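Asks: quick one: sequence and predicted model below, then my questions.
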Amino acid sequence: MTNHWVDIKNADVVFVMGGNPAEAHPCGFKWVIEAKKNRKAKLVVVDPRFNRTASVADYYAPIRPGTDIAFLGGVINYLLANDKLHHDYVKAYTNASFLIDEGFKFEDGIFSGYDEAKRAYGKDTWKYQFDKDGFAKVDETLQDPNCVFQLLKKHYSRYTPETVSKVCGTPKDAFLKVCEYIASTAAPDRTMTNLYALGWTEHTVGSQNIRCMAIIQLLLGNMGMAGGGINALRGHANVQGITDFALYAQTLPGYLSAPTDADPDRATYLGKRTPKALRPGQMNFPQNFPKWFTSLCKTWYGDNATKDNDFAYDYLPKLSGASDVLSIFNSMYEGKMTGFFCQGFNPLASVANKKKVGDALAKLKYMVVIDPLATDTSEFWKPYGEFNAVDPAQIPTEVFRLPANLFAEHAGTFTNSGRVVQWRWKAVDGPGDSKDDTEIIAALFLKLKEMYAKDGGAFPEPIQKLTWAYAQPAKPSPEELLREINGKALADVLDPKDPTKVLVKAGDQLPSFAMLRDDGSTTCGNWIYCGVWSQAGNNSARRDPSDPSGLGQTLNWGFAWPVNRRILYNRASADLAGKPWDPKRPVLRWTGTAWGGNDVPDMRPDAKPEENVMPFIMNPEGVGRLFSRELMAEGPFPEHYEPFETPLDKNPMHPNNPKATSNPAARVYKGDMEAFGKAKDFPYVATTYRLTEHFHYWTKQSTINAIMQPEQFVEIGEELAQEKGIKAGDRVKVRSNRGFIRGVAVVTKRIKALDVDGRKVHTVGIPTHFGFKGATKPGFITNTLTPFVGDANTQTPEYKAFLVNIEKA
Amino acid sequence: MQMNRRQFFKICSAGLGGSSIAVMGFSPTAALAEVRTFKLARATETRNICPYCSVSCGVLIYSTGDKSKNSQGEIIHIEGDPDNPVNRGTLCPKGAGLRDMVQSANRLKWPEVREAGSNEWKRISWNEAIERIAKHMKADRDKNFVAQNKDGVTVNRWPTTGFLASSAASNEAGYLTVKTLRALGITALDTQARI
């Protein structure tokens, strides 16, 4: 979230698309109701199903799964065509005026630089024009045909209300009504918040769905405002924290992009990741990258990381290519992996194409499951009738299952979706011989360290030299770990403006990342968390809920990263002179000598307004991007592409260009393209969803939740039910080209057939919580059906739009 | 008046008993001994966070015992934390079932192994589990570690053992996990954040 849960109450319009917070995030959704009740805010919902969020909405519009870009592109066109823009904001705070390379083109669904064989783009033309000083050229009149504003207008002029209706199946009047609500927040003193979740990310165009909303919120001037922003309603209670700590291959803690084979040494690595400002006078905050990275190296390798050994740069593994859950399982499927760990993760249930995942696990030599519960994955080798038809004798994988403790059984922090880090206390011991995750990791690591010390082996240095200064090496405490994450001064940290002044004494915990240095004199395990455990103590454990501003900022509750800032880009809540756009909801203002107000400024505190330091300090441009340069895989502007399994067999935006049917830059592995189904065999669109009584594949293990929602069902509309002769309560079989599941038919008025490009399209809704292990009735795993293909940028699988057939079982 | 929830319960139960007793003319000292206090008044209260969705609601966990040495606490109730600014005491149908999750019949209690080709689990000790897993890891790492790629660039990676990390783990556990995995050279690393 750029904003936070309580801040939703400050919105004038709450736009929910790609999420269903009333059911999936009920306690956060209360702030939507607060906004409705106290501010007369309007709730607008766009979704394939008339879900429970829609049931309390002021306006609901239906949409065909997988066509969000067509819809949002239509909104962008509406705002531009009807001049519903926050003009001053767009001109000053976005890259609308920037001039783009003259070679940049877009023809029939494909941007310049496409290489069909590689399914990838060369991005040489997706860039700004530069002047002799290396700064981007701009046209402040916004009239140059190559400026971002004109290109944006041209690109989205094709997304007329008629086209939107044809592609999405949304009735034209419903689409226009939604546009009116959204456009009402172009006024400087009105804001819209956007709430989205997996309904946007789980598509092969997932990242570009969100880019569309970024463009809309910038055009309306809603970023940085109280009650504004783009707010991802994330999954687990600590999925935000685990993302921040980079439990994935592409980054190191704090979103530092990880070294690859193209970065042979520290200088090359840092050079590529330390940008120069693209406009004069901008903060260009990522210029501090070397400080963040060096402090991390010092944390991990202490005295073994010195200037002479490039701060132990070679101790970090270099990434050779794709490394995400789909590529890992594909590589396992091809027999290239030996071992595999699942820590609190149930991939047999949660990864696309269950058959492929199960077959992949069967090729391993060893697998280790670290979990509080007996998961489906841990028993992938065990036959459960048609739910899991396997022969254990044919599966040579050695499987270990280690009992881990649950949330109530250990202390430490979780970071919520609004970036607030909160301390938790331990209530009871775990059952039997279960252990904390930290103890299990420590036990494995210390055993390996001992074995390498005794017997030697491949490159033991990083194992032997890793900092492990815990009072009980086998039991690193959460307090020790959070202090390590925060970081400390190894030598006195001096004021660069006045070196006689000591800012932080050697040995002290650091107060903020402003104190980090690139000379090896500071440590920090995750720069964005710096300040969470300062010399003052554990700030994540602060419990003062006072809210003097009334905006719900609660600055003394827990600790929000970065530097306890609650609303990101908050400098943009004020005009160029530093006066709040909305004086009734002021987040920040220029006081005459400094920035101040109801939040920690997202700006150099003493940057005078006349210095023109722009609010988007993490971008070298200083402004928000309507045109995303070379940063996305499939284009600098989002374009509608069909899901890989489309009910139309073509992209109605580009009917004569098969290259542009589905995302031209999405990665498809051998065998998976062949496993896509065609509309003639699988005529119905399927979309998976969550129930309010269940959480992923977890609560099926819990008695009360299993009583409330005991078994798999499949939701269809009345019209489809009638066509197929299915009655509520019948058993039905749902097939995709990858397998089948069975469930109970639930026939509702919530999913209507839509008229799409002259044909009727039905949608089948499939809850995703069930499996063969747990307290719920043993059943199929929904991801038996889903395709093994992901978003071109994030590789998040396309769980939300694929093709099935349905019949009475 | 400063008062925590436990004191509040105590005062309420005592107060209720006291007022009805006075009406009926009984001696307060004798009657008070008859009044049952709320069970939660005797429970230990711990502040924690619901592990399900990213609203991360504050919860109060009530358990038996007082956390003294060798006492085995048992959770008897979990409810929303009224002080938490986000959930303000509420819990949803998922969170309301938290106690049943902690006490699920499918909780794992000891390390187990399923040997190659076998159709059953076998209980093993932690020592055996850690020893056997570490041996597998070392054998694979020593065999498949890539010190340099084909162009001679130092890459120091171990690509053949993968790790999917938990988004239900704490930041501290996640940090220790990533620190350790990077030191081992693991690159096939991912998390629920993606899916």
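Replies: Arrived safely, thanks for sending.
Asks: CA only for contacts and neighbour counts going forward, please
Replies: Fine.
Asks: which ones are touching the closest residue to residue A:417 other than its chain neighbours?
Replies: Leaving aside its sequence neighbours, residue A:417 sits nearest to residue B:54 (CA to CA, 6 or more residues apart in numbering or on different chains; 5.1 Å). Shown in contact with residue B:54 (CA atoms under 8 Å, 6 or more residues apart in numbering or on different chains): A:25, A:233-240, A:416-417.
Asks: what do you get for residue A:463?
Replies: Contacts of residue A:463 (CA under 8 Å, 6+ apart): A:449, B:183-184.
Asks: residue ranges for the helices of chain B, please.
Replies: B:5-24, B:28-32, B:98-102, B:126-144, B:171-184 (DSSP state H).
Asks: low-confidence ranges, chain B, go.
Replies: Residue ranges of chain B with pLDDT under 70: B:1-35.
Asks: how about JSON lines for the contacts of residue A:463, with neighbour count added?
Replies: Below are the contacts of residue A:463 laid out as JSON lines (neighbours: other CA atoms under 10 Å in any protein chain shown):
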{"residue": "A:449", "neighbour count": "22"}
{"residue": "B:183", "neighbour count": "24"}
{"residue": "B:184", "neighbour count": "29"}
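Asks: list just the nearest of those residues to residue A:103.
Replies: residue B:183 (44.5 Å; CA to CA).
Asks: hey, which strand is longest across chain B?
Replies: The longest strand of chain B (DSSP state E) is strand B:154-165.
Asks: anything in that strand near chain A?
Replies: Yes: part of strand B:154-165 sits near chain A under the criterion CA under 8 Å from any CA of the partner chain, namely B:154-165.
Asks: now the two most distant members of the residues you listed.
Replies: B:154 and B:165 (26.4 Å).
Asks: between the two, point out the one with more neighbours.
Replies: Counted by other CA atoms under 10 Å in any protein chain shown, residue B:154 and residue B:165 do not tie: residue B:165 has more neighbours, with 26 against 20.
Asks: list the contacts for residue A:752?
Replies: Contacts of residue A:752 (CA under 8 Å, 6+ apart): A:49, A:717-719, A:762-763.
Asks: restrict those to contacts with chain B.
Replies: The subset of the contacts of residue A:752 lying close to chain B, counting by CA under 8 Å from any CA, is empty.
Asks: so of those, which ones are in helices?
Replies: Taking DSSP H as the definition of helices, those contribute A:718-719.
Asks: what strand or helix carries residue A:200?
Replies: Residue A:200 is part of helix A:198-201 when elements are defined by DSSP states H and E.
Asks: can you pull the phi/psi pair for residue A:331?
Replies: Backbone geometry at residue A:331, expressed as degrees, to the nearest 10, gives phi -70, psi -40.
Asks: quick one: contacts for the residue lying closest to it once chain neighbours are set aside?
Replies: Distances taken as CA to CA, 6+ apart place residue A:337 nearest to residue A:331, at 6.6 Å, with adjacent residues excluded. Contacts of residue A:337 were listed using CA under 8 Å, 6+ apart, and they are A:331, A:363-364, B:159-162.
Asks: so what pLDDT did residue A:337 get?
Replies: pLDDT for residue A:337: 98.
Asks: looking at this, it is in a helix?
Replies: No: Residue A:337 sits outside any helix when classified using DSSP: H, G, I helix; E, B strand; the rest coil, being coil.
Asks: domain map for chain B?
Replies: Following automatic domain parsing, one gets these domains for chain B: B:1-42, B:44-107, B:108-139, B:145-195.
Asks: do the third one and chain A meet at all?
Replies: Yes: looking at domain B:108-139 against chain A by CA under 8 Å from any CA, the contacts come from B:108-119, B:129-131, B:133-138.
Asks: just the buried residues out of those, in PyMOL syntax.
Replies: The buried residues among the residues of domain B:108-139 next to chain A can be selected in PyMOL (16 or more other CA atoms under 10 Å in any protein chain shown) with this line:
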select buried, chain B and resi 108+109+110+111+112+113+114+115+116+118+119+129+130+131+133+134+135+136+137+138
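Asks: secondary structure element holding residue A:452?
Replies: Per DSSP H and E: helix A:437-455 holds residue A:452.
Asks: that helix: which residues count as buried?
Replies: A:437-449, A:451-452.
Asks: any idea how far that helix is from the middle of the chain?
Replies: Distance, stretch centre to chain centre, for helix A:437-455: 33 Å (CA atoms, centre = their mean, to the nearest Å).
Asks: please, where are all the helices along the stretch 601-750 of chain A?
Replies: A:703-708, A:718-724 (DSSP state H, counting those that start in this stretch).
Asks: and stretch A:435-443, does that touch chain B?
Replies: Yes: counting by CA under 8 Å from any CA, chain B has neighbours in stretch A:435-443: A:437-438, A:441, A:443.
Asks: which residues does that stretch contact?
Replies: With contacts defined as CA under 8 Å, 6+ apart, stretch A:435-443 is touched by A:370, A:403-405, A:409-410, A:473-476, B:130, B:169, B:172-173, B:176-177, B:180.
Asks: filter these down to the buried ones, ChimeraX style.
Replies: Buried residues among the contacts of stretch A:435-443 (16+ other CA under 10 Å), as a ChimeraX selection:
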select /A:370,403,404,405,409,410,474,475,476 /B:130,169,172,173,176,177,180
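Asks: count the neighbours of the closest residue to chain B within the stretch 701-809 of chain A for me.
Replies: Residue of the stretch 701-809 of chain A nearest chain B, by CA to the nearest CA: residue A:702 (4.7 Å). As a burial measure, residue A:702 scores 24 neighbours (other CA under 10 Å).
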